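Novice: whatever this is, show me its structure:
(one chain, ligands or ions: 2)
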Amino acid sequence: MKNYDAIIIGFGKAGKTLAADLANHGNKVALIEQSKYMYGGTCINVGCLPTKSLVNSSKISQYKQFKTFEQKSQFYKEAIADKNKLTANLRTKNFDKLNDHPNVVIYTGKASFVSSYEVKVEMEQETIHLFGTQIFINTGSKAIIPDIEGIHDNKRVYLSDSLLDVTKLPARLSIIGGGYIGLEFASIYANFGSKVTVFQDTANFLPREDDELAAEVKQVMMEQGIVFKLGVITTSLSDNGTEAILHYKDAQSGENMQYPADAILLATGRKPNTEELNLAAARIVTTPKGAVKVDELLRTNIPNIWAMGDVVGGLQFTYVSLDDYRIVREQLLGNGERSTDKRNIPYSVFIDPAFSRVGLSEKEAKEQGFDVKVAKLSVAAIPKAQVIQEPKGMLKAVIDGKTDQILGVTLFCPESYEMINIVKIAMDAGLPYTFLKNQIFTHPTFSEALNDLFGAIQ
Ligand SMILES: Cc1cc2nc3c(=O)[nH]c(=O)nc-3n(C[C@H](O)[C@H](O)[C@H](O)COP(=O)(O)OP(=O)(O)OC[C@H]3O[C@@H](n4cnc5c(N)ncnc54)[C@H](O)[C@@H]3O)c2cc1C
Ligand SMILES: NC(=O)c1ccc[n+]([C@@H]2O[C@H](COP(=O)([O-])OP(=O)(O)OC[C@H]3O[C@@H](n4cnc5c(N)ncnc54)[C@H](O)[C@@H]3O)[C@@H](O)[C@H]2O)c1
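Specialist: Ligands and ions are numbered 1, 2, ... in the order given. As a prediction, this is how the structure comes out:
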């Protein structure tokens, strides 16, 4: 059996960053990744970066104003090739960076626990056992497959990763699930030229978001040509040889209907990747949803084992996984003061325009008893929006009426994914909203709209 100071299971954001750091500090590190197509993890291979490459290409496709579906389809095919080139480069870079490190050994195989210090790795040619003084779980998450008749073995049904490999643009794409993945793919494929329909189980659109902003997003996406079927239950999926058929029922009226498509994307959420880890062998406790249970320092119930990233069942973002690495790193190599307590986590959904939020919505702030002041700004009022001819969307800020602190901001406008980080920093620094209201920003930019948004607070 081979001995290591640290075994890291999963080549995700936290795992690879920790592997390099521990190795740089003289530790012998084993990094285990189950697939040679996943070096670097979800983000660079099948998540954030490939999808954002397609967000960019689909926008270019729009600008090109192709006349025929064949032209759109050809452009899409090239975009998929560009995306594949990008991910292949990133994968190689990620692999080489750690593989070239004298203190790191990468094992390509499926890991599972034998005990709290021993891990089995099932590789292509052999199965080996590793001993680790410390073990870190970073196995990410995987798509939830809903229990719908006909969902398995249907060649026109895809998950987000398998759809990213399809080189033929589907003329009609149906998406089950109107969350982050559902909406990003809807926007991407609509911009490429597919006829997109989203089937969402809840009657509310974006139920976790501010009602006004959710309505604005829906309106803009509908103007993009996307059809929404809300409050519907998908009862079964079938394939008549030339197309897929989605059979669904209106939850309220009970009326049964069917809808044809060339491809169906399942985007109904993701769950922690723990099923194959044999956590019981190490006596690691999980949550009722199957996540590895951790405390605010990301420690499991077993003293030498930590877990980071999607596998702990929190918010599923690459930058959360990165911050999880920082928390663990601080315990091992720093002063141990960093924790998951009071993390203020912003997010962006890369639809067109992007939707970004940090902090509380108006409804949440009121529910928490704040005496709120609210300001809104139409994107059409922003000079830069007129310059680039993209005047759709809305900005909204929620302020604590007693202290002038920013409680939350939602931005639905181009470049909101950059602006939201400015607001997050102001919030973390405890700055009053007047700081952004009176801040000098360059012109013409979307950031300067923060002057006007906060200036509208009465
Ligand atoms: C389509 C899509 C788009 C997304 N877009 C964004 C975005 O724009 N911005 C953002 O911040 N987040 C985005 N996310 C979420 C983000 O990708 C994840 O939150 C993040 O990648 C999780 O990283 P992680 O460190 O937890 O693990 P991962 O990067 O998921 O890595 C886990 C690794 O563990 C491996 N593994 C699993 N089980 C085993 C085992 N038993 N043995 C060995 N290896 C194993 C897996 O193969 C995988 O490579 C997106 C996700 C998806 C699916
Ligand atoms: N830009 C980003 O940061 C980004 C982009 C994509 C994904 N992600 C991450 O990936 C995670 C997973 O994304 P996701 O969209 O799969 O999950 P999600 O939880 O965001 O959305 C799933 C949606 O599917 C709906 N749903 C569930 N079962 C259904 C059914 N049977 N029929 C119809 N609708 C159903 C849910 O009501 C929900 O709206 C996100 O939570 C996010 O953290 C992030």
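Novice: check contacts around the nearest residue to N421 once chain neighbours are set aside.
Specialist: Of all residues not flanking N421 in the chain, P346 sits nearest, at 6.6 Å (CB to CB, 6 or more residues apart in numbering). C-beta coordinates here come from the backbone N, C-alpha and C atoms, glycine included. P346 sits next to S356, R357, V358, I420, N421, V423, K424 when contact means CB atoms under 8 Å, 6 or more residues apart in numbering.
Novice: ok, of those residues, which one's closest to ligand 1?
Specialist: S356 (11.3 Å; CB to the nearest ligand atom).
Novice: give me the three-state assignment for the closest one.
Specialist: strand (DSSP: H, G, I helix; E, B strand; the rest coil).
Novice: what sits against it?
Specialist: So S356 contacts P346, Y347, S348, V349, T410, L411, F412, S416, Y417, M419, I420 (CB under 8 Å, 6+ apart).
Novice: looking at those residues, which is nearest A261?
Specialist: V349 (22.8 Å; CB to CB).
Novice: can you read off the pLDDT for the closest one?
Specialist: pLDDT for V349: 98.
Novice: my read: it touches E184, true?
Specialist: Yes. V349 lies in contact with E184 (CB atoms under 8 Å); the separation is 6.3 Å.
Novice: whichever residue of the stretch 1-150 of the chain sits closest to ligand 2: how many residues sit nearby?
Specialist: Of all residues in the stretch 1-150 of the chain, the one sitting closest to ligand 2 is P146 (4.1 Å; CB to the nearest ligand atom). Neighbour count for P146, taken as other CB atoms under 10 Å: 13.
Novice: and for K64?
Specialist: Residues lying near K64 (other CB under 10 Å) number 11.
Novice: cool, and the one 3 residues further on?
Specialist: When counting by other CB under 10 Å, one arrives at 8 neighbours for K67.
Novice: ok, now which ones touch it?
Specialist: Under the criterion of CB under 8 Å, 6+ apart, the contact list for K67 is empty.
Novice: next: S187.
Specialist: S187 touches V55, S58, M221, Q224, I226, F350, I351, D352, counting by CB under 8 Å, 6+ apart.
Novice: now the residues you listed in JSON lines, with neighbour count, distance to ligand 2 and secondary structure?
Specialist: What follows is the contacts of S187, written out as JSON lines (neighbours: other CB atoms under 10 Å; distance: CB to the nearest ligand atom, whole Å; DSSP: H, G, I helix; E, B strand; the rest coil):
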{"residue": "V55", "neighbour count": "18", "distance to ligand 2": "9", "secondary structure": "helix"}
{"residue": "S58", "neighbour count": "22", "distance to ligand 2": "15", "secondary structure": "helix"}
{"residue": "M221", "neighbour count": "22", "distance to ligand 2": "14", "secondary structure": "helix"}
{"residue": "Q224", "neighbour count": "16", "distance to ligand 2": "17", "secondary structure": "coil"}
{"residue": "I226", "neighbour count": "23", "distance to ligand 2": "15", "secondary structure": "coil"}
{"residue": "F350", "neighbour count": "21", "distance to ligand 2": "5", "secondary structure": "coil"}
{"residue": "I351", "neighbour count": "23", "distance to ligand 2": "9", "secondary structure": "coil"}
{"residue": "D352", "neighbour count": "22", "distance to ligand 2": "13", "secondary structure": "coil"}
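Novice: closest one of those residues to Q389?
Specialist: Minimum distance to Q389 across the contacts of S187 is 13.2 Å, recorded for D352 (CB to CB).
Novice: show me the helices in the stretch 251-400 of the chain, by range?
Specialist: Along the stretch 251-400 of the chain, the segments classed as helices by DSSP state H, counting those that start in this stretch run 318-333, 362-367, 383-387.
Novice: which one (most neighbours) among the contacts of P346?
Specialist: Result: V423 is most packed of the contacts of P346 (other CB under 10 Å), 28 neighbours.
Novice: in which helix or strand would I find that one?
Specialist: In this structure, V423 is located in helix 416-428 according to DSSP states H and E.
Novice: any buried residues in the helix or strand following that helix, and which?
Specialist: Heading C-terminal from helix 416-428, the first helix or strand you meet, by DSSP H and E, is helix 433-437. Neighbour counts over helix 433-437 (16 or more other CB atoms under 10 Å) mark Y433, L436, K437 as buried.
Novice: what does stretch 25-42 give?
Specialist: 27-34, 38-42.
Novice: state the pair within those that is farthest apart.
Specialist: K28 and T42 (26.3 Å).
Novice: now do the contacts for the one residue in the chain that gets nearest to ligand 2.
Specialist: Across the chain, no residue is closer to ligand 2 than G179, which sits at 1.8 Å (CB to the nearest ligand atom). Residues counted as contacts of G179 (CB under 8 Å, 6+ apart) are A267, T268, G269.
Novice: name the nearest residue to the second one, ignoring sequence neighbours.
Specialist: Closest residue in space to T268, ignoring its immediate chain neighbours: G177 at 4.1 Å, by CB to CB, 6+ apart.
Novice: show me the contacts for the one you found.
Specialist: Here G177 is in contact with V198, F199, Q200, D201, L266, A267, T268, G269 (CB under 8 Å, 6+ apart).
Novice: out of those residues, which is nearest to ligand 1?
Specialist: A267 (8.3 Å).
Novice: contact partners for K155?
Specialist: Here K155 is in contact with D239 (CB under 8 Å, 6+ apart).
Novice: pretty sure L173 contacts Y259?
Specialist: No. Using CB under 8 Å, L173 makes no contact with Y259, being 11.3 Å away.
Novice: rewinding a little: how about the secondary structure of the residue of the stretch 1-150 of the chain closest to ligand 2?
Specialist: Using three-state DSSP, the structure places P146 in coil.
Novice: roughly how far does it sit from G47?
Specialist: From P146 across to G47, the span is 20 Å (CB to CB, to the nearest Å).
Novice: show me what the closest residue in space to S416 that isn't next to it in sequence bridges to in the sheet.
Specialist: With sequence-adjacent residues excluded and distances taken as CB to CB, 6+ apart, S416 is closest to S356, at 3.9 Å. For S356, the beta-bridge partners under DSSP bridges are S348, L411.
Novice: quick one on the thing from earlier: which of the contacts of G177 count as buried?
Specialist: V198, F199, Q200, D201, L266, A267, T268.
Novice: now the residue of the stretch 151-300 of the chain found nearest ligand 1, what are its backbone angles?
Specialist: Using CB to the nearest ligand atom, the point where the stretch 151-300 of the chain gets nearest to ligand 1 is S160, with a distance of 4.0 Å. Main-chain dihedrals, S160, degrees, to the nearest 10: phi -60, psi -40.
Novice: just to check, it is in contact with L183?
Specialist: No. S160 lies out of contact with L183 (CB under 8 Å); the separation is 12.0 Å.
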